[in-house]
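Colleague: below are the sequence and a predicted model for it; my questions follow.
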Amino acid sequence: MNKKKILLVEDDEALSSVYKTRLEMEGFETKDVNNGEKALSVAIDFKPDLILLDAMMPKVSGFDVLDILKNTPATKDILVIMLTALSQPKDKERAESLGVDDYLVKSQVVIGDVVDRVKHHLGMK
């Protein structure tokens, strides 16, 4: 069976490493990048099933990445879960208006919750 592919876009290396390890233990093929610019080029080559996207990053913000992904034919159908420190309703509304599939606030979830959401969106639960 083909592994589901996850692209992890997170500029906090420690956090990224923890998520990558956990997702691989759960049987996902993962690739991680630390800025929005790389996220866009890797999304086209790697063709992930789902992208875990941080909002606040250097160069290109997660919101801009989401906007570009959803408006690019090659990437518009990739599921995107934003995983962010931004807990304001306006940030969530902005993400939703750009077509995000889920919006998780880092301070409100543990890694197991994130894995559950990933599996849920990929139809594995």
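Modeller: On my side now, so go ahead. Residues are numbered from 1 along each chain as shown.

Colleague: where along this structure do the strands fall?
Modeller: Taking DSSP state E as the test, the strands found in the chain are 5-9, 29-33, 50-53, 79-84, 102-105.

Colleague: mean neighbour count and distance to R94 added to those, as a markdown table?
Modeller: For every residue, glycine as well, the C-beta is placed using N, CA and C. Shown next, in a markdown table, are those (neighbours: other C-beta atoms under 10 Å; distance: least, C-beta to C-beta, whole Å):
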| stretch | mean neighbour count | distance to R94 |
| --- | --- | --- |
| strand 5-9 | 24 | 17 |
| strand 29-33 | 19 | 22 |
| strand 50-53 | 26 | 13 |
| strand 79-84 | 23 | 10 |
| strand 102-105 | 18 | 10 |
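
Colleague: contacting residues for the residue nearest the centre of the chain?
Modeller: Centroid-nearest residue in the chain: L52, 1.3 Å away (criterion: C-alpha atoms, centre = their mean). Contact analysis of L52 by C-beta atoms under 8 Å, 6 or more residues apart in numbering lists 6-10, 19, 81, 83, 114, 118.

Colleague: if we go to 6 Å?
Modeller: Contacts here follow C-beta atoms under 6 Å, 6 or more residues apart in numbering; on that basis L52 touches 8, 81, 83.

Colleague: tell me the least confident of these?
Modeller: Lowest pLDDT within these is found at L83 (94).

Colleague: gap between that residue and D45?
Modeller: Using C-beta to C-beta, to the nearest Å, we find L83 at a distance of 22 Å from D45.

Colleague: also L53?
Modeller: For L53 relative to D45 (C-beta to C-beta), the value is 17 Å.

Colleague: cool, and E37?
Modeller: For E37 relative to D45 (C-beta to C-beta), the value is 14 Å.

Colleague: neighbour count: these two, which is higher?
Modeller: Each of E37 and D45 has its neighbours counted (other C-beta atoms under 10 Å); E37 has more, 15 against 8.

Colleague: how distant is stretch 95-106 from the center of its chain?
Modeller: The chain centroid and the centroid of stretch 95-106 are separated by 10 Å under C-alpha atoms, centre = their mean, to the nearest Å.
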